[in-house]
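Enquirer: predicted model follows, preceded by the sequence.
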Amino acid sequence: MASNFSSKPPTKPSSAPYFYGRITRDEAEEILKESGAVEGMFLLRESINPLGNYAISLCHASKVHHYVIEKQTDGTYMIPSGKKFSGPIELIYHHQSQKDGIVTLLTVGCNRHPSQAPVAFRGMTYSDLEHELIRKANSIKGVNKERALGAQREHLVIMVAKDLHTRQPWYHGKINRVDSENRLRTSGHKDGKFLVRLREDKKTFAICISYQMDTRHYLIDKDENNKFGIQDGPKFDCIMMLVDHYHNKQDGLLCKLTEPCASPGFNADQLKKYMDCNLGNLDYYLMKSTRRRPSVPVPPIPGQETPPPLPSVAKRPSLKDRILNKVNTKRELPPTPDEAQNRLLAAGDWEGSQGNSHIGFDSRRVTLQRLGMDADKLEDIYGSVPRTLKDFDLKRSQIEIQETLGSGQFGSVCKGMCTLRSGQPVPVAIKTLKQEDCPSAQEPELLKEAKIMMPLSHKHIVRMIGVCKSESIMLVLELAPMGQLNNYLKSHRETTQANIVELLSQVAMGMEYLESKKFVHRDLAARNVLLVSEHFAKISDFGMSKALCRDNNYYEAKEAGKWPLKWYAPECVYFWKFDSKSDVWSYGVTMWEATSYGDRPYNKMKGQEILHFLVDEGKRLPKPENCDDEVYDVMLQCWEYEKTSRPSFEELSYNMKSLHRKLFRNSARESGYLQPEVATKRATYLEFE
């Protein structure tokens, strides 16, 4: 290990010509492809999140592979399961002569154009940031400058970045909502154009985005840890990092941020410099390429805006195209040498009942009317429940059990009331586990579910309120009074497809949140989607969920269980590996269940029949009778055999919202029930402020 280090300080990544700064994974792939993508070609980039990590993007066998370089607590850097090095550049030097866990040697650096500096944030180069870091370090009395700029660099970056937003063209200071709308309209609406303003309380901010020739407002709030974020979005140490994130990811906004609406009187030279760096990372690095020479954008003249064309991306035929054109969709799977997989096929819980321990839920027993409140009021109450260990530890006196909603072999689900420490009573669902009626091994399972649910908070996920240990173990959860989606749709076949897609888009939003938190659900199905109202869905049942560790983007089961195999992707059945893309497959089956009003997937097919149908024959579940073609296309995307071809939940969330708006507008106009402009407003997930 000692040979990986030397007495001299590590080389700064920004000094390497193949270092590109904070660019996305997709941008790295495009840059490498533009440069020829020869074997062993690589570039180094700084991870978008978390701060301080890096990544190598490497070409091998006509594909791009990515390796995260994680900063360790001792200040060293390493790829997962690799050796430690004093810095990312030293790690690269090592892998230029030894593979040691990567697919091929790093042989050809994909260098930037000499005149182009790596980007630290949108509109800010690394040289700009280094200048600010040095200035800040010099201003702090008694600081060890070498350590501040080295091992503690991330802390210094956060200190510097906290005030950077005040010097950006998109920051307009304390202006009101109407003024922000006027400024965006005057500068010329364009999807993704934005500004940030300080709100009246002088503590919180709002990000104002141009979308479809109108302005949308999102509240940027500060939590108890002084981190900033929009509702249900990721949290950031400062506004600069938040804005940088939403340039790279949509992540709950209607669209990604594209260009700033410059504040009045902003310095023209500084604005030009910002715009030069804000072309988008890909165009920025390819600006002087002989293959592509985009011109530097300038602030548009109102009324003459023309959005830049999207880059062309070659894409292989979709699953639907291959099926329609009778292209062979069969994929070979390696043999399974032992009997474990066959035992799984024989014992698997094909219908998703989770065996006798499954707790059914009678959705006819409770309604919002009986609770005396609407869905929004109920959500406001749940969203305000404190999420601390102290508050999660409930006393028996805080819980009032009322009627039973469902029961199983090992316990039941009851409706009840829970009095919070604040004294506020809230309606809840209570999962009980009778200690005398179940094996001792069952208790940790319920508590394990509680541990998983404790940190999760999203409006489309059933939140945990707390745990009580008394005569029985009680897991106290949010109440979704209308019960399971599949049961509801079976008895409400008048529900429109637009309404169903609305609920499915909310499920995608909840799963996008889980994906961002590195959780895999492993049991996503219509039975585990609960309804607060006919227009409000929440994901439930986290008994099989797993948190992914930082080193892996997948969970590998050590032994098989009573798994809901009809909802599982082939790689889960064959290799027992689960990740967000296997949840995407399950989401496709959930879509099919919902759009067919609670029908059973694959009817009476089981075991090898289903695998033969999916893998050997390359077939998929048929389009439900009343399902929109575009909605079915989304299902087929979720059922791509190669998981890398499946969409992410971020993409699914955006696409399903768009489909809901389209279906709702069409349905409303055809029925004459709503005027077009009212239908558009009802169908749009808009402002959080």
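Expert: In hand now; what should we look at? Numbers count the residues shown, from 1 in each chain.
Enquirer: tell me the buried residues in stretch 210-221?
Expert: Under the neighbour-count criterion of 16 or more other CB atoms under 10 Å, stretch 210-221 has 210, 211, 215, 216, 217, 218, 220, 221 buried. Any C-beta I mention is one placed from the backbone N, CA and C, and that applies to glycine too.
Enquirer: hang on, I meant stretch 525-536
Expert: 525, 526, 527, 528, 529, 530, 531, 532, 533, 536.
Enquirer: list of residues touching that stretch?
Expert: 352, 361, 363, 368, 374-375, 378-379, 462, 480-489, 492, 495, 499, 502-503, 506-507, 537-541, 564, 567, 586, 589-590, 593-594, 598 (CB atoms under 8 Å, 6 or more residues apart in numbering).
Enquirer: for that stretch, measure first residue to last.
Expert: End-to-end distance of stretch 525-536 (CA to CA, to the nearest Å): 16 Å.
Enquirer: helices along the stretch 51-200 of the chain, start to end?
Expert: For the stretch 51-200 of the chain, applying DSSP state H, counting those that start in this stretch gives helices covering 88-95, 126-139, 145-148, 153-161, 177-187.
Enquirer: swap in the stretch 551-689 of the chain?
Expert: With helices called from DSSP H, counting those that start in this stretch, the stretch 551-689 of the chain shows them at 570-575, 580-595, 607-611, 629-638, 649-671, 676-682.
Enquirer: any chance of CSV for the ones you listed, columns mean neighbour count, distance to residue 71 and mean pLDDT?
Expert: Putting the helices of the stretch 551-689 of the chain into CSV (neighbours: other CB atoms under 10 Å; distance: least, CB to CB, whole Å; pLDDT from 0 to 100) gives the following:
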stretch, mean neighbour count, distance to residue 71, mean pLDDT
helix 570-575, 19, 31, 80
helix 580-595, 25, 24, 94
helix 607-611, 15, 43, 81
helix 629-638, 19, 35, 94
helix 649-671, 19, 26, 83
helix 676-682, 13, 47, 42
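Enquirer: in JSON lines: those, plus distance to residue 254.
Expert: Formatted as JSON lines, those follow (distance: least, CB to CB, whole Å):
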{"stretch": "helix 570-575", "distance to residue 254": "33"}
{"stretch": "helix 580-595", "distance to residue 254": "21"}
{"stretch": "helix 607-611", "distance to residue 254": "38"}
{"stretch": "helix 629-638", "distance to residue 254": "19"}
{"stretch": "helix 649-671", "distance to residue 254": "8"}
{"stretch": "helix 676-682", "distance to residue 254": "13"}
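Enquirer: in strands, which of the buried residues of stretch 210-221 appear?
Expert: 210, 211, 215, 216, 217, 218, 220, 221 (DSSP state E).
Enquirer: between those, which is nearest residue 164?
Expert: residue 220 (15.1 Å; CB to CB).
Enquirer: I'd guessed that closest one sits against residue 242; true?
Expert: Yes: using CB atoms under 8 Å, residue 220 is in contact with residue 242, at 6.7 Å.
Enquirer: mind listing the shared neighbours of the two?
Expert: With CB under 8 Å, 6+ apart, residue 220 and residue 242 have common neighbours 207, 228, 229.
Enquirer: residue 25 touches residue 68, doesn't it?
Expert: No: contact criterion CB under 8 Å: residue 25 and residue 68 do not qualify, at 10.3 Å.
Enquirer: how about the strands of the stretch 351-500 of the chain, start to end?
Expert: 399-408, 411-419, 425-434, 464-469, 472-478, 483-484 (DSSP state E, counting those that start in this stretch).
Enquirer: identify the contacts common to residue 25 and residue 68.
Expert: Counting by CB under 8 Å, 6+ apart, the residues touching both residue 25 and residue 68 are residue 55.
Enquirer: in contact with residue 585, which residues?
Expert: By CB under 8 Å, 6+ apart, the residues touching residue 585 are 567, 568, 569, 572, 638, 639, 643, 646.
Enquirer: of the residues you listed, which is the nearest to residue 105?
Expert: residue 643 (27.3 Å).
Enquirer: mind listing what the closest one touches?
Expert: Neighbours of residue 643 in contact, by CB under 8 Å, 6+ apart: 569, 571, 579, 581, 582, 584, 585.
Enquirer: look up how far residue 572 lies from it.
Expert: 10 Å (CB to CB, to the nearest Å).
Enquirer: quickly list what's touching both of these two.
Expert: In contact with both residue 643 and residue 572: 582, 585, using CB under 8 Å, 6+ apart.
Enquirer: just the helices in the stretch 351-500 of the chain please.
Expert: 368-371, 375-383, 389-392, 442-453, 485-491, 497-516.
Enquirer: looking at these, which is nearest to residue 260?
Expert: helix 497-516 (25.3 Å).
Enquirer: can you dump the C-alpha atoms of that closest one in CSV for me?
Expert: What follows is helix 497-516, C-alpha atoms only, in CSV (Å, rounded to 0.1, in the frame of the first residue of the first chain):
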residue,chain,number,x,y,z
GLN,A,497,-57.5,6.1,-18.4
ALA,A,498,-56.4,9.7,-17.9
ASN,A,499,-57.1,9.3,-14.2
ILE,A,500,-55.1,6.0,-14.1
VAL,A,501,-52.1,7.6,-15.8
GLU,A,502,-52.3,10.4,-13.3
LEU,A,503,-52.0,7.9,-10.5
LEU,A,504,-49.2,6.0,-12.3
SER,A,505,-47.3,9.3,-12.8
GLN,A,506,-47.4,9.8,-9.1
VAL,A,507,-46.0,6.3,-8.5
ALA,A,508,-43.2,7.2,-10.9
MET,A,509,-42.5,10.4,-8.8
GLY,A,510,-42.3,8.3,-5.6
MET,A,511,-40.0,5.8,-7.3
GLU,A,512,-37.8,8.6,-8.6
TYR,A,513,-37.4,9.8,-5.0
LEU,A,514,-36.5,6.2,-3.9
GLU,A,515,-34.0,6.0,-6.9
SER,A,516,-32.4,9.3,-5.8
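Enquirer: ok and that helix relative to helix 629-638, angle-wise?
Expert: Relative orientation of helix 497-516 and helix 629-638, computed by axes from the mean of the first three to the mean of the last three CA atoms, to 10 degrees: 30 degrees.
Enquirer: mind checking what secondary structure residue 252 has?
Expert: Secondary structure assignment for residue 252 (DSSP: H, G, I helix; E, B strand; the rest coil): coil.
Enquirer: contacting residues around it?
Expert: 230, 231, 232, 233, 509, 512, 653.
Enquirer: pLDDT below threshold where in the stretch 351-500 of the chain?
Expert: Across the stretch 351-500 of the chain, the ranges flagged by pLDDT under 70 are 351-374, 407-411, 434-449.
Enquirer: now with 80, please.
Expert: 351-381, 383-391, 405-412, 422, 433-455, 470-472 (pLDDT under 80).
Enquirer: and the contacts of stretch 620-634?
Expert: 318-320, 323, 497, 501, 588-589, 591-592, 595-597, 599, 601-602, 614, 635-636, 639, 647, 652, 655-656, 659, 662-663.
Enquirer: take the ones in strands among the buried residues of stretch 210-221 and write them to JSON lines, including distance to residue 143 and pLDDT.
Expert: Shown next, in JSON lines, are these (distance: CB to CB, whole Å; pLDDT from 0 to 100):
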{"residue": "210", "distance to residue 143": "42", "pLDDT": "92"}
{"residue": "211", "distance to residue 143": "44", "pLDDT": "87"}
{"residue": "215", "distance to residue 143": "43", "pLDDT": "91"}
{"residue": "216", "distance to residue 143": "42", "pLDDT": "89"}
{"residue": "217", "distance to residue 143": "40", "pLDDT": "91"}
{"residue": "218", "distance to residue 143": "37", "pLDDT": "90"}
{"residue": "220", "distance to residue 143": "30", "pLDDT": "91"}
{"residue": "221", "distance to residue 143": "32", "pLDDT": "87"}
